[in-house]
Every structure is written in C-alpha cells, then in structure tokens.
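J.: Just to be clear, the model below is a prediction. Sequence and coordinates:
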Amino acid sequence: DDARLDLIRVAPGTALPGHGHEGFEITCVLQGAFGDETGDYQAGDVAEGGEELDHHPKALDVGRECICLIATTGRLRAHSWLARIVQPVFGI
C-alpha cells in the first residue's frame, strides 16, 4: 500500500505547499507549532484528517522550528503545478 511515515522540519513562518489527500493523515507535533485551515497545533498535539482534508500548513513563529512526525496512507494531491512536478522526486 501507500503508507508512509515522515519526519519533517520546517522553519518558523514557512508554509508548505497546499495539498489534499487520497487517504488518512495523522500528524504529531514534536516541537514548535503549525497552523492550517483546521486550527493551530502545538508540541504534543495530534492532528488527523481523511480524504476530505485539503489544507495549506504553515509553521507558526513560536521561536522554534516545527518538527512533526506524519503518518499517511495514500498519496498527496498537490495544488500547484510545481509541487506536482517535484512530487515524484520525493515520493510523496
């Protein structure tokens, strides 16, 4: 299947490309914070969403980079043409 486990690190104030999902996503914030259309999440919080999740996450400026452990099933549906081009390179 297309299950993945990723550890990501994002500088404060940096936005990730907008995307949707073909499966389920669970994000555990290990350090820092991020926000998206569903709310703001701090260290220790867990965010989850299914195929209906369509968001544009951004690391919040809380003085530390945002580090998250993300488990997903299915592939991402990138919004921008650039993200769709690099998607196969990173296997997301």
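T.: Now that the structure is in, tell me what you want to look at. Residues are numbered from 1 along each chain as shown.

J.: and Ala3, how many neighbours does it have?
T.: By other CB atoms under 10 Å, 10 other residues sit near Ala3. Where you see a C-beta, it was placed from the backbone N, CA and C, and this is true even at glycine.

J.: quick one: contacts for it?
T.: Counting by CB atoms under 8 Å, 6 or more residues apart in numbering, Ala3 makes contact with Ala71, Thr72, Thr73.

J.: and if you look at Arg9?
T.: For Arg9, the contacting residues are Glu65, Cys66, Ile67, by CB under 8 Å, 6+ apart.

J.: so what strands line up beside the strand or helix carrying it?
T.: Assigned by DSSP states H and E, Arg9 falls within strand 4-10. Strand 4-10 pairs in its sheet with strand 66-72 (antiparallel), by DSSP bridges.

J.: which residues are contacting the strand it pairs with?
T.: Strand 66-72 has contacts (CB under 8 Å, 6+ apart) with 2-12, 21, 23-34, 59-60.

J.: the strands in this protein, which residues?
T.: Counting by DSSP state E, the chain has these strands, from start to end: 4-10, 19-21, 25-31, 33-36, 39-42, 46-49, 54-55, 58-59, 66-72, 76-78.

J.: and those as JSON lines, adding mean pLDDT?
T.: Shown next, in JSON lines, are the strands of the chain (pLDDT from 0 to 100):
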{"stretch": "strand 4-10", "mean pLDDT": "93"}
{"stretch": "strand 19-21", "mean pLDDT": "83"}
{"stretch": "strand 25-31", "mean pLDDT": "96"}
{"stretch": "strand 33-36", "mean pLDDT": "96"}
{"stretch": "strand 39-42", "mean pLDDT": "96"}
{"stretch": "strand 46-49", "mean pLDDT": "94"}
{"stretch": "strand 54-55", "mean pLDDT": "84"}
{"stretch": "strand 58-59", "mean pLDDT": "96"}
{"stretch": "strand 66-72", "mean pLDDT": "95"}
{"stretch": "strand 76-78", "mean pLDDT": "71"}
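
J.: Okay then, goodbye and thanks.
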